[in-house]
Every structure is written in structure tokens, then in C-alpha cells.
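>>> fold the following.
(chains A and B)
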2 protein chains.
Amino acid sequence: MTDDAAPAEAPQKPAVAFWFDPASTYSHIAAQRVEAEADARGAVVRWRPFLLGPIFAANGWDTSPFNLFPAKGRNMWRDMERLCARHGLPPVTRTQRMPQHSVLAARTALALEGPARAAFCRGCYMAQFAKGKDIAEPESLAAVLSELGEDAEAVLARAQSVEVKAALRANVEEAMSLGIYGAPSFVTEDGELFWGNDRLEDALDWAAGRSVRP
Amino acid sequence: MTDDAAPAEAPQKPAVAFWFDPASTYSHIAAQRVEAEADARGAVVRWRPFLLGPIFAANGWDTSPFNLFPAKGRNMWRDMERLCARHGLPPVTRTQRMPQHSVLAARTALALEGPARAAFCRGCYMAQFAKGKDIAEPESLAAVLSELGEDAEAVLARAQSVEVKAALRANVEEAMSLGIYGAPSFVTEDGELFWGNDRLEDALDWAAGRSVRP
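Reported below is the predicted structural model:
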């Protein structure tokens, strides 16, 4: 090292992009646990909201596979009940509309940054899947924001800005270009794609260099 | 207990039905690990071959979702590579035909009982996904049977009997009536359905009374 070298910096933490649709049931479980699991591995989480609708449409589907294939949908809700019990989360509420319209919630997430975005997303999933709120309603999102001490009116106005709308479209396009086909998904900095809440630990292990690599 | 009571019997071990299609990629991983995980919990495994084809057809699909949805198919193979590395299994071979025709393999499994059936199924998955063999070819199955010390010719003849053909049809119907929509699936004696290799431990924990129940 020469005399004029920059001061030593703390080594950068490995990052994992956490891709989620605010209406996705399994993303709820992942959202509630991802930060603790990342902390345990010295990793950081980048919260990336997107929408499954355009990706399902590319498959020729006009709704969730949980609606198109009833046996799959039935078992998903039972599985959610079991997973909530296992992870100590409140019992899951089966939403009347499935999936709920998640465009406004995704835009609201994008109108926030860093820990505020993460906290909003966790609260939004709790509102939906623990309290049975409809996240398509601005009032539901305002309640989550207010509880977190945010200026709900200002955040919701920003969520409807041209910039945020464009940012969500860009996220959807990026998700598709990454090969994402479901939520949650996790993408490491070296481009490894993991699908599903069941792969949360594997994705973080990979990012932290703790995996046996094929 | 009265004098004429039956002699005390060893308590019956909890059983889990392991439902698999011999062409299913994730069932390969499950088949190689299920007995050790069951032993660790004092549980027993009932090996139940079935066919996904009729269930996919009921969804309006003429092939596997891994073919219908290319992004899903690409990630499945990469995920299989990672899982094989994690579980110490040989690197996965991507079969030319996907899925392979599995009717004869399923019938051959049904022509065997107990540990012989389990050993044949593990060998059949290894032939397919570690050695790249086509399990639609009777020669591939004969090689697996011979290596296990079975009379390959006799077993393959029994596999084509009216009784075994009917037994496989009955298994497919039972799988559909249980709400099974993918493979592997696990069903406990109290009717709890778990889908996927990722739920293998959960299903066995449930059977062994080790779960937090919702």
C-alpha cells in the first residue's frame, strides 16, 4: 500500500435482491424472515417490488396459477397455515380476492427507500394476510404508513408520480430479463436465481459463500 | 390388562406415503433421501408410484410445466444442480426427452414390494438423472433390476400383467382424489398433503408429531 492510498474501507457486505409481488402469499412469509436470515450471514437485502401479472400473462394466464389449478390453490392455503405456525407468524387470512390488486402497493414500496421500504412491505403483508385488509385500497396502505410514522398522504402522492410508475415498469422488465417467473425470487450479485420462500436460506448462503457449488 | 389380553405389540411406527412419478426430477432428490430422514424420526415410508401425465392433462397441459414455461424449466435444472451438490448426489444429467415416458418404470415399481420397490426406484432415478439412461427402455430397467439381484425378466413380465396395470391406474385415481397435483408429494395417515421435495422433512415431522400445528 502506498502513502497516498485511500483509507481502508470496511469490506462490502454481500447483497441479495429480494423480488416480491405485494399480493404474493409466499412472499409474505419471506418478507417477515429475510432480514433476520440475512443478518445472521452478514448479508444485506435489496427489496425489489414487481408485478406477477405481466409474467403470468406471458404464460397465457389471466390470473394466478392458484386460481387456474384449484388443487394447487387449496394446498397453498393449507401450506401457508402450516408455515405461519412454524415461523411464529399470525394465522393466515384467506383474502376474498386472490390475488389482490398490488399495483398501488408496489408503487408505494418504490416511493420509499431502504429500511422504510422494508418496514412498509412487511406491514403491508401483515395488513393483507394477518388482518384481512384489501391492499388495493389506499386507506389500507395509509394505515400501514401512518403506523410507521410516515407522512401517508405524501408517500401515496409520490407513489402515483410519473417517476415511480416508470420505476415499477422497469422493475417488471428487469424481473423478466432475469428469468424470474414467480415470487418471491432471490438473485445474488453473481446472477444466481433462486425461486420461492423455500430457497431464502439457500440464496443467502450462496451470497455469503457458504454453499457447496455445483 | 386382563389375563386373556393379546400380547403387547411394539407401537406402530407412523407412516408417510411418498407419491412419485419415475420421470419427476425433484422426486429423484426425495427418493435418495427419504428413507434416512424417515429413520431419523422413527417413521416408515410407503412408496406410491403414480403418473403426472393424466393430472397435467386435467390442467389442459400436454406436457410438463417445465416445458410449457421455459423460464421455469431453465431454473429447475439449475436448481437440481445446486440440490444434487448440497445433498452429495452425483451431478444431474439433463435428459434429452423431458419428461421421459415413465409408465413402464411405474409398473415395474408396482411389480415389487417393500424394500425391493424402494431400491428399484432409487436405482431407476440414478440411471436416469445420474447416468443419462432412458427409463422408457426395458433394457435400462433390466440393468437396474439385475444390479439389485432381481430376476429382471420375471419382474418386467409381472410389470406388464393385468393386475399391475390396474394397480397403476388405481394409484393415479387415488392421487387425484387426494388432491395431488405434482411430484413428489407426501401424505400422512391423518390426510395432511405436502407438495415437493422441499416439504419432505415437514411431512415426516408432521407424521412423527414434531410439528407446530396450525
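
>>> point out where chain A drops to low pLDDT.
A:1-10 (pLDDT under 70).

>>> flag every residue of it that's near chain B.
Counting by Cβ under 8 Å from any Cβ of the partner chain, the positions of chain A adjacent to chain B are A:59, A:68-69, A:71-72, A:74-75, A:78-79, A:81-82, A:84-86, A:91, A:179-182, A:192-196, A:198-199, A:202, A:211-214. (Each C-beta comes from the backbone N, C-alpha and C, glycine too.)

>>> filter the residues you listed down to the buried ones.
Members of the residues of chain A next to chain B that pass the buried threshold by neighbour count (16 or more other Cβ atoms under 10 Å in any protein chain shown) are listed as A:59, A:68-69, A:71-72, A:75, A:78-79, A:82, A:84-85, A:179-182, A:192-196, A:198-199, A:202, A:211.

>>> all helices of chain A, in order?
If DSSP state H is used as the criterion, the helices of chain A fall at A:25-40, A:53-58, A:65-68, A:70-86, A:103-110, A:114-129, A:138-147, A:152-159, A:162-177, A:200-207.

>>> can you tell me which of these is packed in deepest?
Per-residue neighbour counts averaged over each of these give the maximum for helix A:103-110, namely a mean of 24 (mean count of other Cβ atoms under 10 Å in any protein chain shown).

>>> on that earlier part again, ok, which of the helices of chain A comes nearest B:F129?
With Cβ to Cβ as the measure, helix A:200-207 is the member of the helices of chain A nearest B:F129 (19.6 Å).

>>> packing partners for the closest one?
The contact analysis (3 or more Cβ pairs under 8 Å, 6 or more residues apart in numbering or on different chains; DSSP states H and E) places helix A:200-207 against strand A:15-20, helix A:25-40, strand A:185-188, strand A:193-195.

>>> for that helix, list the C-alpha coordinates in PDB.
C-alpha atoms of helix A:200-207 as PDB (Å, rounded to 0.1, in the frame of the first residue of the first chain):
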ATOM      1  CA  LEU A 200     -34.400 -18.000   1.000                       C
ATOM      2  CA  GLU A 201     -31.700 -19.600   3.100                       C
ATOM      3  CA  ASP A 202     -30.000 -21.100   0.100                       C
ATOM      4  CA  ALA A 203     -29.800 -17.800  -1.700                       C
ATOM      5  CA  LEU A 204     -28.300 -16.100   1.400                       C
ATOM      6  CA  ASP A 205     -25.900 -19.000   1.900                       C
ATOM      7  CA  TRP A 206     -24.800 -18.600  -1.700                       C
ATOM      8  CA  ALA A 207     -24.300 -14.900  -1.400                       C
END
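
>>> that helix vs strand A:15-20, what angle?
Orientation check (axes from the mean of the first three to the mean of the last three Cα atoms, to 10 degrees): helix A:200-207 against strand A:15-20 gives 150 degrees.

>>> contacts for helix A:200-207 next, please.
Contacts to helix A:200-207, defined as Cβ atoms under 8 Å, 6 or more residues apart in numbering or on different chains, come from residues A:14-16, A:30, A:33-34, A:37-38, A:41, A:43, A:184, A:186-189, A:192, A:194, A:211, A:213, B:82, B:86.

>>> quick one: that helix to helix A:25-40, angle?
What separates the directions of helix A:200-207 and helix A:25-40 is an angle of 40 degrees, with the same axes, to 10 degrees.

>>> distance from helix A:200-207 to the middle of the chain?
Centre-to-centre, helix A:200-207 and its host chain are 15 Å apart (Cα atoms, centre = their mean, to the nearest Å).

>>> again, but for stretch A:92-104
Stretch A:92-104 has its C-alpha centroid displaced from the chain centroid by 14 Å (Cα atoms, centre = their mean).

>>> what does stretch A:150-163 give?
Taking Cα atoms, centre = their mean, the mean C-alpha location of stretch A:150-163 is offset from the chain mean by 19 Å.

>>> what lies in contact with that stretch?
Counting by Cβ under 8 Å, 6+ apart, A:104, A:107-108, A:110-112, A:116, A:120, A:138, A:141-143, A:145-146, A:164 sit against stretch A:150-163.

>>> any idea how far apart the tips of it sit?
Distance across stretch A:150-163, first residue to last, is 20 Å (Cα to Cα, to the nearest Å).

>>> what of stretch A:130-148?
Criterion Cα to Cα; first-to-last residue distance in stretch A:130-148 is 17 Å.

>>> ok so, going back, including distance to B:A130, could the helices and strands packed on helix A:200-207 go into CSV?
Listed next are the helices and strands packed on helix A:200-207 as CSV, based on distance: least, Cβ to Cβ, whole Å:
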stretch, distance to B:A130
strand A:15-20, 30
helix A:25-40, 31
strand A:185-188, 27
strand A:193-195, 23
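
>>> which of those sits closest to A:L168?
strand A:15-20 (12.5 Å).

>>> what residues of the closest one count as buried?
By neighbour count on 16+ other Cβ under 10 Å, the buried set for strand A:15-20 is A:V16, A:A17, A:F18, A:W19, A:F20.

>>> let me see the contact set for the first one.
Read that as A:V16. A:V16 touches A:A38, A:A43, A:V44, A:V45, A:R46, A:F186, A:V187, A:T188, A:E189, A:A203, A:L204, A:A207, counting by Cβ under 8 Å, 6+ apart.

>>> which residues does it bridge with?
For A:V16, the beta-bridge assignment (DSSP bridges) gives partners A:V45, A:T188.

>>> any idea how far B:D198 is from it?
According to Cβ to Cβ, to the nearest Å, A:V16 stands 19 Å off from B:D198.

>>> same question for the fourth one.
Summarising the geometry, the distance separating A:W19 from B:D198, computed by Cβ to Cβ, is 19 Å.

>>> same question, the last one
Remark: distance between A:F20 and B:D198 (Cβ to Cβ) = 18 Å.

>>> same question for the third one.
Separation of A:F18 from B:D198 (Cβ to Cβ): 18 Å.
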